[in-house]
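Asks: give me a model of this one.
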Amino acid sequence: KTNSFMHHGGYMLNIVKDLKEANCITHSGKFHADEVMATVILEKIMPVNLLRVTKVPKTNSNIIVFDIGGGKFDHHQENKNGERKNGIPYASAGLIWKEFGLKIIKKFAKDTKNLDYDRIFQNLDQKLIQGIDAIDNGVPIQGSFSCMNISKIVADYNPSWEDTCTAEEQFEKAYFVCKDIFDNCLKRAISKEKARNIVEYFLQKSSDKILILDYFVPWNDHILESNNPKAKDLLFCIYPSNREGYIVQSICATNNSLDIRKRFPKNWWGLTRENLPNEINIETALFCHKNGFIAGTKTLEDSIKMAHLAINA
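Replies: Down below sits the predicted model:
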């Protein structure tokens with residue numbers, strides 16, 4: 001008996017019981033986020049007939065073995081399989097992503113020209129895969145509180161002591177969760193890279209240390225990575241709000257969102273449409289965040305005025 005699932009944007013997962021039917025092998029028993037996510041990645045390029053075993057049998061070279069067996073996609077052997085430049089070691093998710101990631105990105109972004117596939121690859125690795133690999137390898141997570149993450153969510157899909165379901169049934173449920181997460185992260189990574197040329201276009205038109213976008217696209221990372229000399233001098237970005245009017249947002253000095261190039265004056269912080277207009281003499285002013293990094297007005301003209309006031313304060 002096999003359990004089959006067809007998925008949009010991929011192929012199919014079958015968990016099989018017979019080696020003759022398998023084209024992928026991983027370990028049985030308790031499952032973890034790294035081999036579940038590795039299965040998701042593999043399913044993007046091939047139908048996955050997965051056999052879960054306690055010991056890898058003698059197989060032909062066409063079978064992909066991961067997270068077990070000591071081969072190319074297993075990180076448990078003594079010499080392991082290396083680590084990233086930032087020191088985060090690989091687990092099976094990262095090893096499979098490193099091998100097949102670019103192929104998957106090219107497949108799903110094939111209708112878009114002039115994309116930097118390596119940037120998309122790194123985006124997904126940093127945002128999704130590295131954390132899974134780190135936790136599976138026992139890299140400590142900072143913080144004195146418990147924070148739910150993908151690895152813990154997947155771990156909790158393993159049968160509990162009182163469950164009557166099988167590990168294979170629960171593996172499939174965890175697979176669905178990881179597939180949805182992966183698909184969304186891949187879509188957003190491709191979408192973000194598509195925005196790079198758009199940001200460069202508006203950046204070239206910018207003046208007075210203010211970037212004005214006609215519509216919202218992801219922008220801050222692209223500014224930090226831009227070779228345009230104007231990018232280094234920018235202090236605020238203005239774009240249409242999806243609630244009301246326009247947003248005026250401080251530009252981050254680094255990828256750390258707490259590291260801001262220029263905040264709004266402190267006497268603005270926390271004010272709302274009831275008191276901010278009189279405080280700064282801008283009639284359509286709507287709010288200023290209590291930490292002084294984002295504000296809003298009803299009109300583009302007033303947003304530009306607000307940015308100039310903050311820059312000259």
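
Asks: can you show me the strands along the stretch 1-150 of the chain?
Replies: 3-6, 12-16, 24-27, 48-53, 64-65 (DSSP state E, counting those that start in this stretch).

Asks: I'd like the average pLDDT over the second one.
Replies: If you average the pLDDT over strand 12-16, you get 93.

Asks: likewise the last one?
Replies: What strand 64-65 shows for mean pLDDT is 96.

Asks: residue 17: how many residues sit nearby?
Replies: 12 (other Cβ atoms under 10 Å). Placement of C-beta: from N, CA and C, glycine included.

Asks: how about the strands in the stretch 201-313 of the chain?
Replies: Along the stretch 201-313 of the chain, counting by DSSP E, counting those that start in this stretch, strands occupy 210-212, 236-240, 246-250, 285-288, 294-297.

Asks: so what touches the first one?
Replies: So the one you mean is strand 210-212. 199, 202-203, 205-206, 219, 223, 234-239, 251, 300, 304, 307-308, 311 (Cβ atoms under 8 Å, 6 or more residues apart in numbering).

Asks: again, only this time at 6 Å
Replies: 234, 236, 237, 238, 307 (Cβ atoms under 6 Å, 6 or more residues apart in numbering).

Asks: which among those residues gets closest to residue 279?
Replies: Nearest to residue 279 among the contacts of strand 210-212 is residue 307, at 16.0 Å by Cβ to Cβ.

Asks: what separates the closest one from residue 220, distance-wise?
Replies: Applying Cβ to Cβ, to the nearest Å, the value for residue 307 to residue 220 is 15 Å.

Asks: which of those two has more neighbours?
Replies: residue 307 (26 against 18).

Asks: which residues are in contact with that one?
Replies: 210, 236, 248.

Asks: so it versus residue 258, what's the distance?
Replies: Applying Cβ to Cβ, the value for residue 307 to residue 258 is 21 Å.

Asks: check residue 145 too.
Replies: Remark: distance between residue 145 and residue 258 (Cβ to Cβ) = 18 Å.

Asks: which one's more surrounded, those two?
Replies: residue 258 (9 against 4).

Asks: got the end-to-end distance for stretch 216-236?
Replies: End-to-end span of stretch 216-236 (Cα to Cα, to the nearest Å): 14 Å.

Asks: likewise stretch 202-219?
Replies: End-to-end distance (Cα to Cα), stretch 202-219: 10 Å.

Asks: same thing with stretch 27-38?
Replies: So stretch 27-38: terminal residues 12 Å apart, Cα to Cα.

Asks: what does stretch 136-144 give?
Replies: Stretch 136-144 end-to-end distance (Cα to Cα) = 19 Å.

Asks: buried set for it?
Replies: Across stretch 136-144, burial judged by 16 or more other Cβ atoms under 10 Å covers 136, 137.

Asks: and the helices in the protein?
Replies: 33-43, 92-108, 117-124, 130-136, 150-155, 167-205, 220-225, 229-233, 276-280, 300-312 (DSSP state H).

Asks: returning to that earlier point: in JSON lines, list the contacts of strand 210-212 along with distance to residue 18 and pLDDT.
Replies: Shown next, in JSON lines, are these (distance: Cβ to Cβ, whole Å; pLDDT from 0 to 100):
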{"residue": "234", "distance to residue 18": "60", "pLDDT": "97"}
{"residue": "236", "distance to residue 18": "62", "pLDDT": "98"}
{"residue": "237", "distance to residue 18": "57", "pLDDT": "98"}
{"residue": "238", "distance to residue 18": "61", "pLDDT": "98"}
{"residue": "307", "distance to residue 18": "66", "pLDDT": "98"}
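
Asks: name the nearest of these relative to residue 45.
Replies: Nearest to residue 45 among the contacts of strand 210-212 is residue 237, at 37.6 Å by Cβ to Cβ.

Asks: that closest one contacts residue 250, doesn't it?
Replies: No: with contacts counted by Cβ atoms under 6 Å, residue 237 stays clear of residue 250, the gap being 8.1 Å.

Asks: now the contacts of residue 307 in a markdown table, with neighbour count and distance to residue 132?
Replies: Formatted as a markdown table, the contacts of residue 307 follow (neighbours: other Cβ atoms under 10 Å; distance: Cβ to Cβ, whole Å):
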| residue | neighbour count | distance to residue 132 |
| --- | --- | --- |
| 210 | 20 | 39 |
| 236 | 27 | 36 |
| 248 | 28 | 37 |
